[in-house]
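Novice: Provided below are the primary sequence and the corresponding predicted coordinates.
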Amino acid sequence: MLKRLVLTALLAACGLARAELPEPVAKAAAAHGIPEDAIGLMLMRGNSVLLSHHPERAMAPASVMKIATTVVALEQLGPVFRGRTELLGGGEVVEGVLQGDLLLRGGADMDFNEDALVHMLEKLRLKGVRRIRGDLLLDRQLFQPARMDVGVPPFDESPEAYYNVIPDALLLNNNMLQVEMVSDARSVRAQALPMLHKVAVRADMKLVDAPCARWEDGWRLPGYERNGEQLTVVLRGTFPRNCSKTYAINVLERQDYLERLFRAAWSRLGGEFSGEVREAPASALASAGSATESAPVNAAAAAAAAAAAAASGRVGGPAPAPAMRLLAEHVSRPLPELLRDINKWSDNALARTLYLSLGSLQADAALGSRPLEPLPVLGPDGSVAAPLPSAARAEQTVREWMRQHRIDDSGMVIDNGSGLSRTERLSPAQLAGFLSAAQKSPWAPEFQASLPIAATDGTMRRRLRDSPAAAHARIKTGTLNGVVAIAGYVTDANGEQCIVVGMVNHERTGNGAGRGITDALIDWAARNAAALKVLP
């Protein structure tokens, strides 16, 4: 177990006087007018603190917050954890016709993309289904609330960008369209993948004389228009002449996106469907939850159904819908593979999904995962008002894990677990605590394999190429306006692995200034950590 990081006591007991910044770090900060007070850092070898500067100060972590999410997820859910998506049917198949509704149940499947949906529908065709008589019901109720994206103001000026996607439990293809824009001297043509039913793309973009490499300078927020059943995505701004670019955008309402992709895929497979695509009612969720042993109970959905029935005053609720049976399923890659995408490439949508999964799912050796029993929120009179929100339950999980590992959680603020937040806070000591616990974990190899390798891959692929840290340091990076941070492991000259954390919170961190400070810290640690001794 990690010893409690009470830094003032540790420093006094060891007689350390290394609160000053290393000279290269101090020079990099001074060169850009960044005060030393805006920097927090820690360097540890084993349980020994070799260097610290404002170690207990809660600071904006940016994407190094993903360290907390991924360490706790790997410890709590284990390496066999997988999200899952299920397709269930509510009727018999008679002469190629499914006599009832389909229900598509989301289970935080981070690999649920177009190919996965098509494969599930292919399985449906192989069961002899040619036409669906009922509707397609969408179950997003694993996460509470089910649609966290609704009514949320944009984080920044690029709400259409992938890094800003807010997940739900049934997020298909991350709701992204790959838009290809091609221009000549007189016009711009646009098309998009995947192919969606009755969705077109129009480029309302003015041609300009500009370098193709600078095309994003003229990009403006896209939108879409609805004309009956037809949807048209509208691209706006300017675009260089004689240029070709592809860009992924999140612009369609996700209910439209899923419906249009389902209809297009089912039609291409020779299937017929004339029903509606709609959110699953509580009665359908309850019946689906008790369908078969092969379809694990969606506890959150069942709780929502019970709460809805109680709120309506009905005794016994509506007549039960026909029990649904599992027709097809898809499971994500195992958790260690997903962690590599989250940490190496700092994937916010995956990190947020994993964080919410901590408050919604548990590992299952056979199925990959199954829902947790919901924790109720009690009203003033003691009645059950609703299930505890998934984010609140995830935060409880993180803090309880920290207490078990004797890491002080004072001052920590968790918003969504990805670092894409203006409110999240972690201290250098807390980050060092997560990294130290992960170092001692049975899953240490899996976690460390998820971190970017200096000068080699991920967000560190172009950094520290001329440093002894190249190919030897595994570092998670984080960047927001006014924030640059790093956290991970660096190997010293004796081949011993050290924990390094560096955080800069200042308005002048842009244009490489903050990165220069953190890179100087990593390089200095790789060169000098072996010579630092802890006094008896």
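Specialist: Ah, there it is.
Novice: can you give me the helices for the stretch 151-300 of the chain?
Specialist: For the stretch 151-300 of the chain, the helices defined by DSSP state H, counting those that start in this stretch occupy 254-268, 282-289, 299-312.
Novice: Counting by contacts, list what whichever helix or strand comes after the last one packs against.
Specialist: Right, helix 299-312. Downstream of helix 299-312, the next assigned helix or strand under DSSP states H and E is strand 325-331. Here strand 325-331 touches strand 84-89, helix 114-126, going by 3 or more CB pairs under 8 Å, 6 or more residues apart in numbering; DSSP states H and E. For every residue, glycine as well, the C-beta is placed using N, CA and C.
Novice: Which residues does strand 325-331 contact?
Specialist: Here strand 325-331 makes contact (CB atoms under 8 Å, 6 or more residues apart in numbering) with 82-89, 102, 109, 111-112, 116-117, 119-121, 123-124, 127, 291-292, 294-295, 367-368.
Novice: Who does it pair with, and is each partner parallel or antiparallel?
Specialist: When pairs are called by DSSP bridges, strand 325-331 turns out to pair with strand 84-89 (antiparallel).
Novice: just the angle between the partner strand and helix 114-126, please?
Specialist: Counting by axes from the mean of the first three to the mean of the last three CA atoms, to 10 degrees, strand 84-89 points 30 degrees away from the direction of helix 114-126.
Novice: distance between strand 84-89 and the chain's centre?
Specialist: Centroid separation between strand 84-89 and its chain, computed with CA atoms, centre = their mean, to the nearest Å, is 22 Å.
Novice: quick one, what contacts Leu420?
Specialist: Per CB under 8 Å, 6+ apart, neighbours of Leu420: 63, 155, 163-164, 348, 352, 480.
Novice: tell me which element it falls in.
Specialist: Per DSSP H and E, there is no helix or strand for Leu420.
Novice: Distance check, it against Ile342.
Specialist: Distance, Leu420 to Ile342, by CB to CB, to the nearest Å: 12 Å.
Novice: cool, and Pro387?
Specialist: Distance, Pro387 to Ile342, by CB to CB: 26 Å.
Novice: Check Lys127 too.
Specialist: Look at Lys127 and Ile342: by CB to CB, they are 35 Å apart.
Novice: If you count surrounding residues, which of these two has more?
Specialist: Using other CB atoms under 10 Å, the more surrounded residue of Lys127 and Ile342 is Ile342, with 26 against 13.
Novice: so what's the more buried one up against?
Specialist: Contact analysis of Ile342 by CB under 8 Å, 6+ apart lists 66, 69-70, 350-351, 354, 450.
Novice: Report the distance from the helix or strand containing it to the chain centre.
Specialist: Assigned by DSSP H and E, Ile342 belongs to helix 335-344. Its chain's C-alpha centre and that of helix 335-344 lie 10 Å apart, by CA atoms, centre = their mean.
Novice: swap in stretch 244-261?
Specialist: The mean C-alpha position of stretch 244-261 is separated from the chain mean by 18 Å, CA atoms, centre = their mean.
Novice: Send me that stretch as PDB with only the CA atoms.
Specialist: Only the C-alpha atoms of stretch 244-261 are listed here, as PDB (Å, rounded to 0.1, in the frame of the first residue of the first chain):
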ATOM      1  CA  SER A 244      -8.800  18.400 -50.800                       C
ATOM      2  CA  LYS A 245      -9.300  17.700 -47.100                       C
ATOM      3  CA  THR A 246     -11.200  15.300 -44.900                       C
ATOM      4  CA  TYR A 247     -12.500  16.300 -41.400                       C
ATOM      5  CA  ALA A 248     -14.700  14.500 -38.900                       C
ATOM      6  CA  ILE A 249     -17.600  16.400 -37.400                       C
ATOM      7  CA  ASN A 250     -20.200  15.800 -34.800                       C
ATOM      8  CA  VAL A 251     -23.100  17.800 -36.100                       C
ATOM      9  CA  LEU A 252     -26.300  15.700 -36.400                       C
ATOM     10  CA  GLU A 253     -28.500  15.000 -33.400                       C
ATOM     11  CA  ARG A 254     -27.600  11.600 -32.300                       C
ATOM     12  CA  GLN A 255     -31.100  10.200 -32.500                       C
ATOM     13  CA  ASP A 256     -31.200  11.200 -36.200                       C
ATOM     14  CA  TYR A 257     -27.700   9.800 -36.800                       C
ATOM     15  CA  LEU A 258     -28.400   6.400 -35.300                       C
ATOM     16  CA  GLU A 259     -31.800   6.100 -37.100                       C
ATOM     17  CA  ARG A 260     -30.300   7.100 -40.500                       C
ATOM     18  CA  LEU A 261     -27.400   4.800 -40.200                       C
END
